[in-house]
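In: Have a look at this prediction, sequence included:
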Amino acid sequence: MGCLKFLKVNYKLLIIILAPLIFCPLPAILPGKHFICAYCILIIATYWVFEVVHISITALLPLFLFTMFGISSATSLYSAFMTDSTFNIFGALVLTAAVQKWDLHKRIALGFLTPFPPQHRWLMLGLMIITGFLSMWFSNTAVTAMITPIAIAILLEIRQQKTITYRVHRNNDNDNKDPDQDHSLMEIIEISEPCPDKQSETQDKKPDDAQTDSKLELSDIKEFTTQEKACLLSICYAANIGGTATLIGTPTNLILVGVVEKLYDTDSHPISFTSWMLYATPTAVICIVLAWFWLQAIYIRCQCKISPDEKANLARVKRMLKVQYKALGPMKFSEVAVLCHFVALVLLWMFRDPKIFPGWSYLVLPENYKYIRDGTVAMLIIFSLFVCPSEKPNFNSNKSMPALLDWTYMVHHVNWGLVLLLGGGYVLATGVKESCLSEWLAIQFMGLKSIPPLLVMLIIITTVAFVTEVTSNTSTANIMLPILAQMAEGIGVNPLYLMVPATMACSYAFMMPIATPPNAVVFAYGSLRMMDMVKAGIIMNVVCIATVMLTTPTLGNAVFGLGEAATFGNLSDAKSSECVF
């Protein structure tokens with residue numbers, strides 16, 4: 001019993017020890033560098049799935065394993081670890097920290113939500129729009145963490161106003177209302193917990209009346225709870241979907257860019273900040289709209305008429321939102337400065353190299369415009385955040401002005417784990433290529449040529465979406481994308497034909513809290529049960545998969561040329577002369 005108890009408590013240690021032993025027959029029976037690389041990837045994937053240590057720490061393992069097993073040199077792996085995409089996401093994370101420091105997110109969220117009617121269905125739409133929009137530019141995890149407390153505060157205010165109205169009506173019906181009673185907006189009244197006046201009223205009523213009131217209370221409680229669940233789920237849905245709309249919204253998008261560049265030794269691929277938005281933003285908008293309708297269908301009943309009391313409650317909540325927004329005061333100099341940095345960064349990213357016309361990088365360096373990358377711009381903005389003052393300059397004052405960001409705040413508010421995850425994914429892609437595993441996989445997948453490419457795409461994105469439910473989406477992308485590049489060559493299609501929709505599907509995981517960080521953030525507040533997420537999430541998975549299946553062969557083909565052969569080369573050109581099987 002003691003041994004079983006030890007294993008139950010220390011199962012992660014058991015997995016760390018057993019995984020290399022279970023997979024060791026692979027390189028022993030099938031010699032070759034490519035099988036040794038596959039052995040290393042299986043170990044890393046197992047550690048990622050079971051999270052034996054933090055997934056960001058597991059991402060460092062390829063640097064050790066690929067070097068010690070002779071797959072690649074340490075110098076080559078180190079250079080792969082830090083790429084343009086790594087600095088790109090780092091710049092976005094630092095800008096997110098600046099937004100949080102000066103509460104710019106609160107001003108944006110409250111200012112956007114105030115015009116919406118404070119009914120649950122319209123509040124949900126407002127939350128989804130603002131969450132989806134912010135997730136396009138900042139870490140969707142950070143956006144979820146910023147928006148959820150604001151949403152909960154509004155939901156509690158709506159519940160409180162409904163509860164006050166309910167109790168007033170109960171008191172009026174029994175002629176024992178205190179005319180001097182003050183129902184403050186800050187008063188917390190829980191309808192689910194009986195109070196003395198309710199008990200006395202119930203005792204004075206007939207049994208049938210008491211039973212009717214009991215049913216009324218339970219019905220109201222259920223209505224509040226389901227509507228609040230819909231609003232909370234809408235936040236994580238919009239964060240997951242909105243993050244796919246731009247390259248920096250979620251790490252999986254940048255993993256795609258990094259894997260393509262590492263596997264094909266080129267940056268001449270058709271994926272740019274602008275081209276990705278042309279494909280992914282319309283796809284995300286469709287998914288968010290469908291998610292709004294779906295959450296209404298299962299959680300919010302149809303309310304064609306609003307009672308006078310309900311209108312009064314909504315008016316009070318709307319006034320509360322306006323009061324909170326006015327309490328922020330006029331925009332401070334620091335908020336304006338951070339907003340200017342954000343706008344500048346987005347514009348510089350979008351027009352650096354739009355692919356459809358020469359960007360500003362071509363005007364700066366006509367002959368060497370490819371020297372300038374998105375990471376270059378991100379580093380300029382980071383430096384500026386540490387230099388730009390947070391107060392309006394006063395040249396008559398001798399007081400030093402603090403910058404918008406300082407080192408201590410940045411260290412504590414930047415998600416460094418994402419940087420490690422990205423780097424680990426790029427190292428995996430480098431190992432797959434240099435070990436010739438990519439060439440071997442391409443040969444094996446040639447047998448799939450008889451299957452229609454559209455069916456292959458459906459199988460791939462469905463598999464990725466449901467695998468991501470039990471693993472980290474960044475881990476799934478790191479493992480799957482190099483393999484899909486080989487599969488595409490094996491069946492004779494453009495690699496992006498499979499890699500782009502699979503990347504989108506990595507964020508379409510709505511059933512489990514562990515699937516994506518936004519899911520975990522919302523679930524951590526304790527208002528949702530596992531079955532709530534599963535019930536609503538499984539249909540959302542299907543809806544988003546169907547949307548990607550529609551937009552990829554149409555819009556994706558128009559933007560990336562997916563129906564044509566890849567113009568950025570193929571894997572066999574790079575390694576065929578060195579690979580022997």
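Out: Sure, I can see it.

In: okay, CA-based contacts and neighbour counts for the rest of this
Out: OK.

In: Specify the local secondary structure of A245.
Out: coil (DSSP: H, G, I helix; E, B strand; the rest coil).

In: quick one: contacts for it?
Out: 136, 276-277, 280-284 (C-alpha atoms under 8 Å, 6 or more residues apart in numbering).

In: Let me know the closest of those residues to Y409.
Out: M136 (23.4 Å; C-alpha to C-alpha).

In: With L263 as the reference, measure out to F383.
Out: 31 Å (C-alpha to C-alpha, to the nearest Å).

In: no, scratch that, I was asking about D374
Out: Applying C-alpha to C-alpha, the value for D374 to L263 is 20 Å.

In: If you count surrounding residues, which of F383 and L263 has more?
Out: Taking other C-alpha atoms under 10 Å, F383 and L263 do not tie; L263 has more neighbours (23 against 12).

In: And for that one, nearest residue in space, chain neighbours not counted?
Out: Leaving aside its sequence neighbours, L263 sits nearest to K433 (C-alpha to C-alpha, 6 or more residues apart in numbering; 6.1 Å).

In: Same question for the host helix or strand of the one you found: list its buried residues.
Out: Using DSSP states H and E, K433 sits within helix 416-434. Applying a neighbour-count criterion of 16 or more other C-alpha atoms under 10 Å, one finds 418-434 buried in helix 416-434.

In: For A239, which residues are in contact?
Out: Here A239 is in contact with 128, 131-132, 135, 140-141, 143-144, 518 (C-alpha under 8 Å, 6+ apart).

In: repeat that with 10 Å
Out: Neighbouring residues of A239 by C-alpha atoms under 10 Å, 6 or more residues apart in numbering: 127-136, 139-144, 147, 233, 249-250, 288, 507, 516-519.

In: Tell me the helix or strand right after the strand or helix carrying it.
Out: Using DSSP H and E, A239 sits within helix 207-243. Scanning forward in sequence from helix 207-243 by DSSP H and E, the next helix or strand is helix 251-264.

In: in that next one, what counts as buried?
Out: By 16+ other C-alpha under 10 Å, the buried positions in helix 251-264 come out as 251-264.

In: Closest one to M320 out of those residues, please.
Out: When these are ranked by distance to M320 (C-alpha to C-alpha), P251 comes first, at 36.8 Å.

In: Would you mind confirming that that closest one makes contact with L421?
Out: Yes: between P251 and L421 a contact is recorded at 8.5 Å, counting by C-alpha atoms under 10 Å.

In: Contacts only, for P402.
Out: Shown in contact with P402 (C-alpha under 10 Å, 6+ apart): 386-391.

In: Top of these by number of neighbours, please.
Out: With neighbours taken as other C-alpha under 10 Å, the top of the contacts of P402 is S390, carrying 21 neighbours.

In: Okay, that residue and W102: tell me how far apart.
Out: In terms of C-alpha to C-alpha, S390 sits 9 Å off from W102.

In: list the residues that contact both of the two?
Out: 332-336, 338, 404-405.

In: most surrounded residue in the residues you listed?
Out: L405 (25 neighbours).

In: so after the helix holding K433, what's the next helix or strand?
Out: Counting by DSSP H and E, the element after helix 416-434 in chain order, helix or strand, is helix 437-444.

In: who does that following helix touch, helix- and strand-wise?
Out: helix 33-50, helix 416-434, helix 473-491, helix 571-575 (3 or more C-alpha pairs under 10 Å, 6 or more residues apart in numbering; DSSP states H and E).

In: with the contacts of A245 in mind, which one is nearest to P501?
Out: A280 (9.7 Å).

In: And for that closest one, the neighbour number?
Out: 26.

In: Kindly report the same for L156.
Out: 15.

In: for it, helix, strand, or coil?
Out: For L156, the assignment made with three-state DSSP gives helix.

In: Throw the contacts of A245 into CSV and include secondary structure, thanks.
Out: Shown next, in CSV, are the contacts of A245 (three-state DSSP):
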residue, secondary structure
M136, helix
W276, helix
M277, helix
A280, helix
T281, helix
P282, helix
T283, helix
A284, helix
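
In: Not counting stretch 532-547 itself, show me its contacts.
Out: Identification of contacts with stretch 532-547 by C-alpha under 10 Å, 6+ apart yields 226, 229-230, 233, 237, 241, 283-284, 286-288, 290-291, 294-295, 298-299, 458, 461-462, 465-466, 469, 501-502, 504-505, 507-513, 519, 523, 531, 549-550.

In: mind listing which of those residues are in helices?
Out: Taking DSSP state H, the ones among the contacts of stretch 532-547 that sit in helices are 226, 229-230, 233, 237, 241, 283-284, 286-288, 290-291, 294-295, 298-299, 458, 461-462, 465-466, 501-502, 504-505, 519, 523, 531, 549-550.

In: Can you tell me which of those are classed as buried?
Out: 226, 229-230, 233, 237, 241, 283-284, 286-288, 290-291, 294-295, 299, 458, 461-462, 465-466, 501-502, 504-505, 519, 523, 549.
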